[in-house]
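Undergrad: Next input, structure requested:
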Amino acid sequence: MVVGDKAIPQTAFCHLAKEDVPFPLLSTLAMGLGRVQEYERALRVCKRAMVLAPDFPEAKYGVVYYMAKAGYAAEDIFSVIHEMVELAPHIFHYR
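TA: Down below sits the predicted model:
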């Protein structure tokens with residue numbers, strides 16, 4: 001393995017994205033996928049977290065973040081941003 005080679009972690013994260021990962025590990029999995037530029041997979045993981053915990057604003061934030069990283073149009077992202085801000089208006093970072 002060469003330092004900086006992302007093939008092994010990319011393979012591991014992509015494999016885990018197909019598995020039934022416990023809810024507390026989903027954000028870590030999404031971050032790992034993002035670090036190896038697997039934005040669509042990271043987005044799917046965040047959407048899974050959003051379904052499992054619809055009142056968890058961090059999952060919505062992950063959806064917004066990875067939609068942007070994957071190149072989705074801003075118009076497609078606005079509805080999730082609106083839901084996120086309504087769910088947690090007290091969190092400045094979301095505004």
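Undergrad: so where's the protein uncertain?
TA: Residue ranges of the chain with pLDDT under 70: 1-6, 94-95.
Undergrad: Can you list the residue ranges for helices in it?
TA: Listed in chain order, the helices of the chain (DSSP state H) span 7-18, 23-35, 39-52, 57-69, 74-87.
Undergrad: For His93, which of those is the nearest?
TA: For these, proximity to His93 was assessed by C-beta to C-beta; helix 57-69 is nearest, at 7.9 Å. C-beta coordinates here come from the backbone N, C-alpha and C atoms, glycine included.
Undergrad: Identify the residues contacting the closest one?
TA: Helix 57-69 is contacted by residues 26-27, 30, 34, 39-40, 42-43, 45-47, 49-50, 52-53, 76-77, 80-81, 83-84, 87-88, 91, 93-94 when judged by C-beta atoms under 8 Å, 6 or more residues apart in numbering.
Undergrad: Of those residues, select the buried ones using a ChimeraX command.
TA: Only the buried entries of those go into this ChimeraX selection, using 16 or more other C-beta atoms under 10 Å:
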select :26,27,30,34,39,40,42,43,45,46,47,49,50,80,81,83,84,87,88,94
